[in-house]
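Chemist: pasting the structure only:
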């Protein structure tokens with residue numbers, strides 16, 4: 001079965017998917033198709049909420065790994081929210097858990113996204129300041 005109607009929402013360049021139990025039935029890559037569309041539209045961070053899923057099948061593993069690779073190539077990142085312990089353990093045992101950002105739930109992912117934006121803004125302000133005043137003798141004095 002291919003599930004194509006995952007609930008999701010976008011905030012800036014982040015897309016949040018509520019996969020949960022629906023992903024248990026998605027054995028033909030519906031989630032990966034949706035994530036691919038988001039990457040193609042310029043999304044830089046994908047958050048996949050896995051709360052409530054009951055088993056970790058190869059289609060989901062392939063979806064997460066393929067999507068993470070595409071996002072990384074595009075300068076983005078993949079966040080896994082609310083993954084059951086067996087998913088984390090499987091990803092650790094296969095040596096790929098470090099490719100993802102792991103958070104407790106979608107709300108925590110939203111906070112991290114807001115923090116990232118604040119840090120990016122802060123870096124931009126500092127870069128602009130340094131460019132403007134790096135050759136200015138007023139700062140040396």
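Modeler: Ah, there it is. Note that the coordinates shown come from a computational prediction; the quantities given were computed from them, not determined experimentally.
Chemist: run through the protein and note the low-pLDDT ranges.
Modeler: 115, 117-126, 128-141 (pLDDT under 70).
Chemist: assumed residue 48 was part of a helix.
Modeler: No. With DSSP: H, G, I helix; E, B strand; the rest coil as the criterion, residue 48 is strand rather than part of a helix.
Chemist: show me what it bridges to in the sheet.
Modeler: Going by DSSP bridges, residue 48 is paired in beta bridges with residue 17, residue 80.
Chemist: that one is in contact with residue 15, isn't it?
Modeler: No. Residue 48 lies out of contact with residue 15 (Cβ atoms under 8 Å); the separation is 9.3 Å. Where you see a C-beta, it was placed from the backbone N, CA and C, and this is true even at glycine.
Chemist: more neighbours: which of these two?
Modeler: residue 48 (29 against 21; other Cβ atoms under 10 Å).
Chemist: so what's in contact with residue 48 and residue 15 at the same time?
Modeler: Common contacts of residue 48 and residue 15 (Cβ atoms under 8 Å, 6 or more residues apart in numbering): residue 35.
Chemist: can you give me the helices for the chain?
Modeler: 22-25, 30-40, 58-73, 85-93, 106-133 (DSSP state H).
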